[in-house]
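Asks: Sharing a model prediction with you, sequence too.
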Amino acid sequence: MPETLAGRNPAGPAAAGRPVVFRGGGFAPRPVGPLGPLVFIVVIGLWELGSRIGWIAPLILPAPSEAFAALAYLVETGEIWRHLEASVSRLVIGWSAGMVLGVAVGFSIGLFSIARSGLVPVVAALFPIPKIALLPLFIVWFGIGEGSKIATILFGTFFPTVIATYGGVDNVDRNLIRMGQSFGLSWLSIVRKIVLPGALPAILSGTRISASIAIILLVAAEMIGAEYGVGAYVLLAGNLAATDQLIAGVAMLSVLGLVVSWLIGRAERYFLRWRS
Amino acid sequence: MDLHIVGLNHRYDDMPVLDGIDLRIESGRIVCLIGPSGCGKSTLLRLIGGLEQPTDGAIRQVGAPPDGCLNPLTYIFQDFALLPWRTARGNISLVLEDHGLSERETARIVDDVLARTDLSDFGDAFPRQLSGGMKQRVAIARALAVNPAVFLMDEPLSALDSQTRALLMDDLIGLWTREPFTAVYVTHNLQEAVRLGHKIVVLSRRPGRIRDQVAINLPLEDRTDAVAELAPTQRYLWELLREEAQAADRELADA
Ligand SMILES: Nc1ncnc2c1ncn2[C@@H]1O[C@H](COP(=O)(O)OP(=O)(O)O)[C@@H](O)[C@H]1O
Ligand SMILES: [Mg+2]
């Protein structure tokens, strides 16, 4: 039997020598329980307290309770639904049209040399233009009504989607594509089953960027000539110096943003469940 | 189906990579390709499988591929090349989907190759859940599914640790002894070459030329315990390889 060293490993006198000092750890932040909601409650509580005591003048910043009352009034009168309906439908139409067109153009840039060399410079030139600067032009083209607002959102979300999509297509593992070719898969199969899922993570993270751009543009567009919509409501409140309504409107926008980001998170979890 | 490679030359821009390769790959035999790294082994395999076009020369398929063959020249890649968004079954059915098979026929083939690679319990696992060895088994199952005429394996075991490598080597030998297949097996590992190769082709450093071809007649299933008998062959191959590797190692990368 081969001789083993098991059981012949004397540790020596326990006290001899210095212990090794631990110097690892850290650099791994983790969510700590209900700290997030707690911060919200504390900040709003302090704000309410400051308003009640009189540290914060009501004209400068209304108390949270007043903003809440304004919101409650909106719900009571049912006005809130008209504003939300107008805003959400503009957002959904403009954003989904921008996404669909952006993904289509992004794919053609990612797949075809002619599209790449023809369109990339155009995208690079148009992407940095603040789309809100084009709103007056869109009003001339598409009218003061829904058309110009949706066009602004569409344009604003189109370009980041194009860039995210063709970046995603470029980053698809070439070995997987070569694998597909080596098994004789058709071009369409390779695009559908290898390139599209491979680019999906990038497209979905592009969605987050384009969603926040869409909300910013929505409000801006609604501030120019809209009767209903959260942006119009906030603008009107500002003009009347009704800061409680203004805060209520801003809170609605914040919730809208949270809902959109939650939905994207759900979509990511569903479509990317193959990742860890 | 045999493959005849005749007068094959290949260059990238001005750099010759393969020079005058003449080689026959016979049906039911495994040809091992060894050579120093950068000598053009992977390039040769890509040319054989039609993923690249040779500058010069020809690769001919002689004879008919086996019945039910869906993809005569089929690769097994070093990095497995599994789609991370598909399960083991999904990765295998991927290569069947374009052939208009019925759902039942597809399922039958997938079940069969999963069983042959000992993966029946892992059909629904995603690649991220599998160890390297299991991933390569899935890739082997996927290749078996299209019933190829020739397997083209580019260092299929190089990404694995040595124990896993030994296990998969046994699996490959088992697969071959149960049902002989034709393969070109690229490796830089001499033990693998002498255990698996009916013919071992040694390439020189770049530009790759054939230094020598060595036939080993000992049946594959008898080689595990025949270390002593194989030792002279292995030593001879090492002598050949050593000169080339040494010279290749001392070359400047951009020379
Ligand atoms: N697509 C390519 N373009 C240019 N040079 C390449 C390409 N593929 C491989 N090479 C070069 O050809 C030589 C042989 O490469 P390769 O066939 O991968 O070698 P091996 O697999 O034997 O290590 C290397 O010098 C490599 O840099
Ligand atoms: Mg290689």
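Replies: In hand now; what should we look at? Numbers count the residues shown, from 1 in each chain, chains lettered A, B, ... in the order given. Ligands and ions are numbered 1, 2, ... in the order given.
Asks: what sits against the spatially most central residue of chain A?
Replies: In chain A, the residue lying closest to the centroid (Cα atoms, centre = their mean) is A:Arg208, at 2.7 Å. Contacts of A:Arg208 were listed using Cβ atoms under 8 Å, 6 or more residues apart in numbering or on different chains, and they are A:261, A:264. For the C-beta atoms, the positions are set from N, CA and C on the backbone; glycine is no exception.
Asks: Looking at the residue of the stretch 101-250 of chain B found nearest chain A now. What's its pLDDT?
Replies: Nearest residue of the stretch 101-250 of chain B to chain A: B:Phe126, at 5.3 Å (Cβ to the nearest Cβ). We have a pLDDT of 96 for B:Phe126.
Asks: can you tell me how far A:Val43 sits from A:Gly36?
Replies: Separation of A:Val43 from A:Gly36 (Cβ to Cβ, to the nearest Å): 11 Å.
Asks: Tell me the residues on chain A that lie near chain B, please.
Replies: Proximity of chain A to chain B, by Cβ under 8 Å from any Cβ of the partner chain, involves residues A:175-176, A:178-186, A:189, A:193-194, A:197, A:274-276.
Asks: Selecting buried members of these in ChimeraX, what would you type?
Replies: The command below creates a ChimeraX selection of those among those that count as buried (16 or more other Cβ atoms under 10 Å in any protein chain shown):
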select /A:176,178,179,180,181,182,183,184,185,189,193,194,197,274
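Asks: Filter the residues of chain A next to chain B down to just the ones in helices.
Replies: If you go by DSSP state H, the residues of chain A next to chain B have A:175-176, A:178-182, A:189, A:197 in helices.
Asks: May I ask which two of these are separated the most?
Replies: A:Ser182 and A:Pro197 (18.4 Å; Cβ to Cβ).
Asks: picking up where we left off before, what about the residue of the stretch 101-250 of chain B closest to chain A, how many neighbours?
Replies: Neighbours of B:Phe126 under the rule other Cβ atoms under 10 Å in any protein chain shown: 19.
Asks: what do you get for A:Ala242?
Replies: Neighbours of A:Ala242 under the rule other Cβ under 10 Å: 16.
Asks: Could you pull up phi and psi at it?
Replies: Main-chain torsions, A:Ala242, degrees, to the nearest 10: phi -90, psi 80.
Asks: Quick one, grab the pLDDT at it.
Replies: At A:Ala242, the model reports a pLDDT of 91.
Asks: Which residue, other than its chain neighbours, is closest to it?
Replies: Leaving aside its sequence neighbours, A:Ala242 sits nearest to A:Ala70 (Cβ to Cβ, 6 or more residues apart in numbering or on different chains; 7.5 Å).
Asks: May I ask you to confirm that that neighbour belongs to a helix?
Replies: Yes. The assignment for A:Ala70, made by DSSP: H, G, I helix; E, B strand; the rest coil, places it in a helix.
Asks: any idea how far it lies from A:Val234?
Replies: From A:Ala70 over to A:Val234 the distance is 11 Å, taken as Cβ to Cβ.
Asks: list residues touching both of these two?
Replies: The contact sets of A:Ala70 and A:Val234 overlap at A:Gln245 (Cβ under 8 Å, 6+ apart).
Asks: How many residues are close by A:Ala151?
Replies: Neighbour tally, A:Ala151, other Cβ under 10 Å: 23.
Asks: ok, and for the helix or strand where A:Ser210 lies, which residues are buried?
Replies: A:Ser210 belongs to helix A:196-222 when assigned by DSSP states H and E. Buried residues in helix A:196-222, counted by 16+ other Cβ under 10 Å: A:196-204, A:206-208, A:210-211, A:213-222.
Asks: Please apply the same query to stretch B:103-112.
Replies: Neighbour-count burial for stretch B:103-112 [16+ other Cβ under 10 Å]: B:106, B:109-110.
Asks: between the residues you listed, which is closest to A:Val32?
Replies: Closest approach to A:Val32 among the buried residues of stretch B:103-112 (Cβ to Cβ): B:Val110, at 46.1 Å.
Asks: Quick one: residues contacting that closest one.
Replies: Contacts for B:Val110 were tallied using Cβ under 8 Å, 6+ apart; they are B:89, B:92-93, B:96, B:123, B:145.
Asks: Please flag which of those residues sit within helices.
Replies: Members of the contacts of B:Val110 lying in helices (criterion: DSSP H): B:89, B:92-93, B:145.
Asks: could you redo those residues as JSON lines and give each row neighbour count, pLDDT and distance to B:Leu252?
Replies: Listed next are the ones in helices among the contacts of B:Val110 as JSON lines, based on neighbours: other Cβ atoms under 10 Å in any protein chain shown; pLDDT from 0 to 100; distance: Cβ to Cβ, whole Å:
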{"residue": "B:Arg89", "neighbour count": "20", "pLDDT": "97", "distance to B:Leu252": "48"}
{"residue": "B:Ile92", "neighbour count": "28", "pLDDT": "98", "distance to B:Leu252": "44"}
{"residue": "B:Ser93", "neighbour count": "19", "pLDDT": "97", "distance to B:Leu252": "47"}
{"residue": "B:Ala145", "neighbour count": "25", "pLDDT": "97", "distance to B:Leu252": "44"}
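Asks: List just the nearest of these to A:Val75.
Replies: Distances from A:Val75 to the ones in helices among the contacts of B:Val110, taken as Cβ to Cβ, are shortest for B:Arg89 (51.2 Å).
Asks: quick one, helices of the chain?
Replies: Answering for chain A, as no chain was given. Taking DSSP H as the test, the helices found in chain A are A:35-53, A:64-77, A:79-111, A:113-126, A:135-142, A:146-170, A:174-182, A:187-190, A:196-222, A:230-239, A:243-271.
Asks: Let me rephrase: I mean chain B.
Replies: For chain B, the helices defined by DSSP H cover B:41-48, B:88-94, B:103-116, B:132-145, B:162-178, B:190-196, B:227-249.
Asks: Tell me how far the residue of chain A found nearest ligand 1 lies from B:Asp79.
Replies: Closest approach between chain A and ligand 1, counting by Cβ to the nearest ligand atom: A:Arg174, at 10.6 Å. Going from A:Arg174 to B:Asp79 by Cβ to Cβ gives 11 Å.
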